[in-house]
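Visitor: Return a 3D structure for these sequence lines:
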Amino acid sequence: MLISFFRWLFGYVKFSYKGGFREDFINDCYSAGAELKNLREENGALTAETRIKTYKKLHRLAFAHGGKVRILKKKGLAFLLSPLKNRWGLLTGALFAVFFISFMGGFIWNITVTGSNRVNDVKIVDYLAQNGFKIGTRWSATDKERLEISVMAYFEDVAWISINKIGSTALVEIDETVDKPEMSEKKITNVRAARDGVIVGVTAHGGWPAVKKGDAVTKGDLLISGVRESEVDKKNHYAHASGEVLAQVSETVKLNVSRRQSKKSYLYEKEYKTLYFFGLKIPLYLKKDESDAEKDVKTEYLVINSYRLPLGIITEKAEYYKTEERLISDNELEALAKNALEKEKKERFANCEILSEKVEIKTNDDGCVLTARYSCVADIGEESEILFDGK
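Guide: Down below sits the predicted model:
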């Protein structure tokens, strides 16, 4: 393999020998130190391969034995570069490109994090950057072992980390710690009212009910007790109080809607491309329109064998618009307020049963105020831990 590479590097030719005495020609070639390879007969002629310098000596040997040689094929780097021998600009540019890519390959142009689930990749990259390991930094200027120890000390969830150099990409491989099993300790709790209401029903899964249907309670009142004194043994018994306590509660929703409304009118779209080259961003456009626009930026990198190279195209799609403001009518104002109320109801009363609803809308020159009053059934129970002295 290595011999074949050097033959290609320095160049060689395939030639044919016709006429004359082949055996004497071959013997004289070896006597003269002319190395011939792949000797064979093709179409009535002798063919072989040899180095460029050796081939120049073969004309005299072939003539001495009544034959002649002719080049059939030229192979190797020397022949590939021969058209450039009078084009110094192309050769210089090619050499500069090789030097530039080799030089830039000594820098970090991409950081990829794998194996992290609980730890955010961005936080790891930011921490590395704060410690001098970032895009544009020379590999030789980094202390990977110190960084690895520092990351494991800073992030509790990182059990092991390895920073590897893959071309110009820094591959950060992470193993996370194994979560400790949660303790099965059962706390002693009460269930108290999270807000005012009238009790509709109590279902205790643990503990002892302290209220019944029809009782009026205020925020903080005891609903299900985790402590009970036994009349039999005159001792306190404890439990993890839990359950559902449904109560009829009152809710008020108040919304303000402005009469002055703005509307976007989309005008046109434009696309801008930027060349990303080893950390440099080279615009491929003359001028960018700086008007109001909704922008979507996408970067496509050159990827080889699953590794992203610091070469790519950044595409920015901009959808330009103008904003128009107008004063809306009372009917439009009320419609907007009711739409906003429907959204609020879905969020606030997702787990409630609405019994009644009363909506009032007051309009003025600036807009409107919507007030909605509700009577609904909701679970108002909230667990709270019982703390004892000395615990």
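
Visitor: pLDDT weak spots in the chain?
Guide: Applying pLDDT under 70 to the chain picks out residues 1-6, 9, 78-91, 94, 101, 179-186, 231-232, 304-308, 388-391.

Visitor: In it, which residue is most central in space?
Guide: Centre of the chain computed as the mean C-alpha position; nearest residue by C-alpha atoms, centre = their mean is residue 121, 8.2 Å away.

Visitor: what's it in contact with, if anything?
Guide: Taking C-beta atoms under 8 Å, 6 or more residues apart in numbering as the criterion, residue 121 is in contact with residue 113. Bear in mind the C-beta positions are built from the backbone N, C-alpha and C, glycine included.

Visitor: any idea which helix or strand comes after the lengthiest helix in the chain?
Guide: Across the chain, the longest stretch assigned as helix under DSSP state H is helix 330-348. Downstream of helix 330-348, the next assigned helix or strand under DSSP states H and E is strand 353-363.

Visitor: partner strands of that next one, parallel or antiparallel?
Guide: strand 367-379 (antiparallel) (DSSP bridges).

Visitor: CA atoms of the partner strand as PDB?
Guide: Below are the C-alpha coordinates for strand 367-379, written out as PDB (Å, rounded to 0.1, in the frame of the first residue of the first chain):
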ATOM      1  CA  GLY A 367     -62.600  50.500  26.100                       C
ATOM      2  CA  CYS A 368     -64.600  48.200  28.300                       C
ATOM      3  CA  VAL A 369     -64.500  46.400  31.700                       C
ATOM      4  CA  LEU A 370     -66.000  42.900  31.800                       C
ATOM      5  CA  THR A 371     -67.000  41.600  35.200                       C
ATOM      6  CA  ALA A 372     -68.100  37.900  35.500                       C
ATOM      7  CA  ARG A 373     -69.300  36.400  38.800                       C
ATOM      8  CA  TYR A 374     -69.500  32.600  39.100                       C
ATOM      9  CA  SER A 375     -70.800  30.100  41.600                       C
ATOM     10  CA  CYS A 376     -69.100  26.700  41.200                       C
ATOM     11  CA  VAL A 377     -68.200  23.500  42.900                       C
ATOM     12  CA  ALA A 378     -64.500  22.900  43.400                       C
ATOM     13  CA  ASP A 379     -62.100  20.800  45.500                       C
END
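
Visitor: Could you number the chain from 51 rather than 1 from now on?
Guide: Happy to do that; since the first residue is 51 now, the last one works out to strand 417-429.

Visitor: What are the buried residues along it?
Guide: Under the neighbour-count criterion of 16 or more other C-beta atoms under 10 Å, strand 417-429 has 417, 418, 420, 422, 424, 426, 427, 428 buried.

Visitor: For residue 287, state which of those residues is nearest.
Guide: Of all the buried residues of strand 417-429, residue 428 has the smallest distance to residue 287: 30.0 Å, by C-beta to C-beta.

Visitor: Leaving out sequence neighbours, find the closest residue to that closest one.
Guide: Spatial nearest neighbour of residue 428, excluding adjacent residues (C-beta to C-beta, 6 or more residues apart in numbering): residue 402 at 4.4 Å.

Visitor: all helices for the chain, in order.
Guide: Counting by DSSP H, the segments of the chain that form helices are 52-60, 72-81, 102-114, 127-131, 138-154, 171-180, 194-204, 380-398.

Visitor: what's the angle between the longest one and strand 417-429?
Guide: Spelled out, it's helix 380-398. 20 degrees (axes from the mean of the first three to the mean of the last three C-alpha atoms, to 10 degrees).

Visitor: so where's the longest strand in the chain?
Guide: strand 357-377 (DSSP state E).

Visitor: Parallel or antiparallel, list what pairs with it.
Guide: As assigned by DSSP bridges, strand 357-377 forms pairs with strand 310-327 (antiparallel), strand 343-354 (antiparallel).

Visitor: Buried residues of the last one, list them for me.
Guide: Yep, that's strand 343-354 we're talking about. Quick answer for strand 343-354 (16+ other C-beta under 10 Å): residue 343.

Visitor: Same list, the strands paired with strand 357-377, but as a markdown table with distance to residue 197 please.
Guide: Converted to a markdown table, the strands paired with strand 357-377 look like this (distance: least, C-beta to C-beta, whole Å):
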| stretch | distance to residue 197 |
| --- | --- |
| strand 310-327 | 25 |
| strand 343-354 | 24 |
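
Visitor: Of these, which is nearest residue 406?
Guide: strand 310-327 (31.3 Å).

Visitor: Please compute how far that closest one lies from its chain's middle.
Guide: Centre-to-centre, strand 310-327 and its host chain are 24 Å apart (C-alpha atoms, centre = their mean, to the nearest Å).

Visitor: go on, stretch 182-196?
Guide: Computed by C-alpha atoms, centre = their mean, the chain-centroid distance of stretch 182-196 equals 22 Å.

Visitor: Between the two ends of that stretch, how far is it?
Guide: 11 Å (C-alpha to C-alpha, to the nearest Å).

Visitor: before we move on, back to that, of the strands paired with strand 357-377, which approaches residue 60 most closely?
Guide: strand 343-354 (29.7 Å).

Visitor: Show which residues not belonging to that closest one make contact with it.
Guide: Contact partners of strand 343-354, identified using C-beta under 8 Å, 6+ apart, comprise 160, 326, 358-371.

Visitor: Kindly indicate the member of those residues with the most neighbours.
Guide: Neighbour counts for the contacts of strand 343-354 peak at residue 360, which has 22 neighbours (criterion: other C-beta atoms under 10 Å).

Visitor: what residues are up against that one?
Guide: Counting by C-beta under 8 Å, 6+ apart, residue 360 has contacts 154, 159, 160, 185, 218, 326, 327, 328, 329, 351.

Visitor: so where do the strands sit in the stretch 201-350 of the chain?
Guide: Per DSSP state E, counting those that start in this stretch, the stretch 201-350 of the chain carries strands over the ranges 208-216, 219-226, 239-243, 247-256, 258-259, 266-267, 272-275, 277-279, 286-288, 292-308, 310-327, 330-333, 343-354.

Visitor: which residues does residue 388 contact?
Guide: So residue 388 contacts 409, 420 (C-beta under 8 Å, 6+ apart).
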